[in-house]
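In: Give me coordinates for this.
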Amino acid sequence: MTFQKAMYDFGENLLNIVFGVEKGTMVRLYLMVASTVLLQIPIGLLKDISKLQYASIVATFCLITTVLVIDLESPLYIWYNIKNNVQFPSLFPKFDWSNNNYLDTFSIFLFGFSCHNGILNVLEEMKNPNKKRCNKVLNISFVLEVILYGTIGFCGYFSTLSKTPDYFLTREDLPYFKDYFIILAQFTLFICLHCSCAVNFNIMRWSVQNICLNGKKMNMCFNVPFTIFIYCLCNAFVFFLSEMNSVLGIFSGFSNIVICFVIPIVAYLKVNLADKGWGHKLIPYTILVVMIIIGTACSIKSSITCVQDLIHGVK
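Out: Have a look, this model is predicted:
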């Protein structure tokens, strides 16, 4: 759903920029139906998803280009903010349960750890782990993520300050500069996110086959309705949800806390600290309790916001 929300935001923005189509509920509905029927379902039904590797390569280059554009353009935005005396937002704003707050921010942070969709693939790989390969992947991933998240976070924050939209690529252009690079990035990601959706859908379908069908592949009579049902259900939720944080919070709150923090900490306690005293276990247990509380609060808050959005959308 997070990919679909991004697709439609980018799609609406592109229709407005290229064809002058005003954003609105009906435009989003038409875009959603066309995208689902012509792209999402057909790509989701592909038998050989290895064909999507080319889209992944394009998406990788697109992301690299986007990072470079954000970083290189940030001095222009920072200078514009300074010149126009744009006020910096408070680093510690007052907590407001009804609006975006710390829990929403924490949910977005947790979304960066999203990996539960492929957890069975990870478990399959760990049956015969290769220490050298694992260390290499971890080291490279860690360095790249620190650099990417660090530069994007710094340059993005000081470029838009309190005007940061749900998706940074839809930020407002400077008055004297038409950002065609960002427009190109939105178009490329609009296509690539459909492919990413299909990849994640196939991983989810593979998990369902292993859990519910004992590893047997779905036949066509079951696969087609299943694919149509899942995509239509997700799109229905996305259509009525006005805030991206609602989607992120529900699925990246408690679930990611359990998978990314609770399970590793429990495993660490049982394997490495089984014979140690409470002095050694105090910090891990403290982190365990704190993360469970925060993750649960994120999911509850986002679920309430989600229900409110759905009610408002239906009205």
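In: in this protein, which spans are helices?
Out: Chain-ordered helices for the chain, with DSSP state H as the definition, fall at 2-19, 25-35, 41-44, 53-83, 102-111, 119-125, 131-160, 180-212, 220-240, 244-252, 254-257, 263-272, 278-314.
In: What helices and strands are in contact with the longest one?
Out: Counting contacts by 3 or more Cβ pairs under 8 Å, 6 or more residues apart in numbering; DSSP states H and E, the secondary-structure elements packed against helix 278-314 are helix 102-111, helix 220-240, helix 244-252, helix 254-257, helix 263-272. To be clear about C-beta, it is placed using only N, CA and C from the backbone, and glycine gets the same treatment.
In: Output the second one as PDB, nothing but the C-alphas.
Out: Output of helix 220-240 as PDB, limited to C-alpha atoms (Å, rounded to 0.1, in the frame of the first residue of the first chain):
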ATOM      1  CA  MET A 220      -4.500 -20.300 -12.300                       C
ATOM      2  CA  CYS A 221      -8.100 -20.600 -11.000                       C
ATOM      3  CA  PHE A 222      -7.000 -19.500  -7.600                       C
ATOM      4  CA  ASN A 223      -4.100 -17.300  -8.500                       C
ATOM      5  CA  VAL A 224      -6.000 -14.800 -10.700                       C
ATOM      6  CA  PRO A 225      -8.900 -14.100  -8.200                       C
ATOM      7  CA  PHE A 226      -6.300 -14.000  -5.400                       C
ATOM      8  CA  THR A 227      -4.200 -11.400  -7.200                       C
ATOM      9  CA  ILE A 228      -7.200  -9.300  -8.200                       C
ATOM     10  CA  PHE A 229      -8.600  -9.400  -4.600                       C
ATOM     11  CA  ILE A 230      -5.300  -8.400  -2.900                       C
ATOM     12  CA  TYR A 231      -4.700  -5.500  -5.300                       C
ATOM     13  CA  CYS A 232      -8.300  -4.200  -5.200                       C
ATOM     14  CA  LEU A 233      -8.300  -4.400  -1.400                       C
ATOM     15  CA  CYS A 234      -5.100  -2.500  -1.000                       C
ATOM     16  CA  ASN A 235      -6.200   0.100  -3.500                       C
ATOM     17  CA  ALA A 236      -9.500   0.600  -1.600                       C
ATOM     18  CA  PHE A 237      -7.600   1.300   1.600                       C
ATOM     19  CA  VAL A 238      -5.200   3.700  -0.200                       C
ATOM     20  CA  PHE A 239      -8.000   5.600  -1.900                       C
ATOM     21  CA  PHE A 240      -9.600   6.500   1.500                       C
END
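In: pLDDT weak spots in the stretch 201-315 of the chain?
Out: Under the criterion pLDDT under 70, the flagged ranges of the stretch 201-315 of the chain are 241-256, 259-260, 306, 309-310, 312-315.
In: that older thread, looking at the helices of the chain, which one is packed in the most?
Out: Highest mean neighbour count of the helices of the chain: helix 244-252, a mean of 24 (counted as mean count of other Cβ atoms under 10 Å).
In: Kindly reformat the helices of the chain as CSV containing distance to Asp173.
Out: Output for the helices of the chain, formatted as CSV (distance: least, Cβ to Cβ, whole Å):
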stretch, distance to Asp173
helix 2-19, 10
helix 25-35, 21
helix 41-44, 31
helix 53-83, 10
helix 102-111, 24
helix 119-125, 40
helix 131-160, 11
helix 180-212, 8
helix 220-240, 26
helix 244-252, 21
helix 254-257, 34
helix 263-272, 43
helix 278-314, 29
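In: Tell me which of these sits nearest to Leu174.
Out: Leu174 sits nearest to helix 53-83 of all the helices of the chain, at 5.7 Å, using Cβ to Cβ.
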